[in-house]
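Participant: Attaching a predicted model along with its sequence, questions to come.
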Amino acid sequence: MVEPVVLLPAFMADARLFSHVFNRMSLSRAVMFAPLTQGERIEEMASTILDQMPLRAAVAGVGLGGIVALELLRRAPDRISRIALMSTTPLADTPPVSAERETRIVRARSGRLEAVMSEEVPQSALTPGAGRIAVAAEVQRMAHDLGADVFVRQSRAMQRRRDQQSTLRKCKVPAAVICGAHDTLIPVKRQSFMAELIPDATLEVVEGAGHLPVLEAPEATLDALERWLALAPPAR
């Protein structure tokens with residue numbers, strides 16, 4: 001049976017993040033996009049998805065979506081057939097990062113969401129070249145449409161998230177870590193470390209991409225996801 005796939009978006013992103021991947025992947029399998037707009041805890045977001053997703057599915061998450069994917073794996077490993085983690089981290093917020101989020105929450109509530117998002121995903125975190133301007137503009141459009149209330153909820157969830165390194169070590173399904181070669185927010189070295197924590201995981205470094213390879217290099221990212229979907233289950 002062909003596995004269905006659940007796609008989980010990055011911080012302040014919607015289905016537009018996956019438009020290319022969704023259009024191509026849905027030609028051969030069922031694909032579900034799960035928004036992360038409700039709840040102020042990762043656990044609440046995961047509970048909502050578990051209520052809506054197929055009984056067993058492959059899960060791919062970007063950034064915040066990857067963090068939620070890890071919570072799904074921790075909470076219901078029997079329902080996750082494979083996992084892809086893109087531009088994400090298993091670590092909890094440090095106190096300085098959490099404090100910085102608090103400052104951005106205040107600014108977003110005061111009508112400065114665009115400026116705050118320019119700091120959350122700066123152009124310097126995207127691959128160099130003219131294309132980064134279009135990607136940055138798409139990030140701003142998605143954030144604008146989601147609004148400050150979602151920004152606050154997602155920021156709170158990020159502040160309160162747990163460390164998931166033990167979840168990675170216990171992973172028993174095919175896993176891939178996919179990252180952009182030019183990502184300065186979560187550099188390749190850190191994502192390589194995350195891949196090393198997962199038994200038999202593959203690491204895919206997408207050239208011509210930074211923090212959002214699914215937008216910056218959608219075809220190469222799709223190829224990486226197709227290789228992930230073709231991985232055989234690890235030996236038990």
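Facilitator: Thanks, I have the structure now.
Participant: need the helix or strand of the chain with the lowest average pLDDT.
Facilitator: When each helix and strand of the chain is scored by mean pLDDT, DSSP states H and E, helix 19-25 comes last, with a mean of 93.
Participant: From the chain's centroid, how far away is whichever helix or strand comes after that helix?
Facilitator: Of the helices and strands lying after helix 19-25 in sequence (DSSP states H and E), the nearest is strand 31-33. Here the centre of strand 31-33 is set off from its chain's centre by 14 Å, with C-alpha atoms, centre = their mean, to the nearest Å.
Participant: Buried residues in the helix or strand that strand 31-33 is followed by, which are they?
Facilitator: Later in the chain than strand 31-33, the nearest helix or strand by DSSP H and E is helix 42-52. Residues of helix 42-52 classed as buried: Ile42, Glu43, Glu44, Met45, Ala46, Ser47, Thr48, Ile49 (neighbour count, 16 or more other C-beta atoms under 10 Å). Bear in mind the C-beta positions are built from the backbone N, C-alpha and C, glycine included.
Participant: packing partners for whichever helix or strand comes after helix 42-52?
Facilitator: The first helix or strand that comes after helix 42-52 along the chain, using DSSP H and E, is strand 57-62. In terms of contacts (3 or more C-beta pairs under 8 Å, 6 or more residues apart in numbering; DSSP states H and E), strand 57-62 is packed against strand 5-8, helix 64-75, strand 80-86, helix 218-229.
Participant: Dump those to TSV, plus distance to Thr103, mean neighbour count and mean pLDDT.
Facilitator: Output for the helices and strands packed on strand 57-62, formatted as TSV (distance: least, C-beta to C-beta, whole Å; neighbours: other C-beta atoms under 10 Å; pLDDT from 0 to 100):
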stretch	distance to Thr103	mean neighbour count	mean pLDDT
strand 5-8	26	26	98
helix 64-75	19	25	98
strand 80-86	27	25	98
helix 218-229	32	19	96
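Participant: pLDDT weak spots in this protein?
Facilitator: 234-236 (pLDDT under 70).
Participant: Report the central residue of it.
Facilitator: Val62 (1.4 Å; C-alpha atoms, centre = their mean).
Participant: who are the neighbours in contact with that residue?
Facilitator: Contact criterion C-beta atoms under 8 Å, 6 or more residues apart in numbering gives Leu8, Pro9, Ala10, Ala13, Leu17, Met86, Ser87, Thr88, Leu212, Val214 as the residues in contact with Val62.
Participant: Against which helices or strands is the helix or strand harbouring Val106 packed?
Facilitator: Take DSSP H and E as the rule and Val106 turns out to sit in helix 95-109. In terms of contacts (3+ C-beta pairs under 8 Å, 6+ apart), helix 95-109 is packed against helix 113-120, helix 148-160.
Participant: who touches the longest one?
Facilitator: Residues from elsewhere that reach helix 148-160 (C-beta under 8 Å, 6+ apart): 11-12, 36-42, 44-45, 64, 67, 93, 98, 101-102, 104-105, 108-109, 111, 113, 116, 143.
Participant: now those residues: which count as buried?
Facilitator: Here, 16+ other C-beta under 10 Å leaves 11-12, 36-37, 39, 41-42, 44-45, 64, 67, 93, 101, 104-105, 108, 113, 116, 143 buried among the contacts of helix 148-160.
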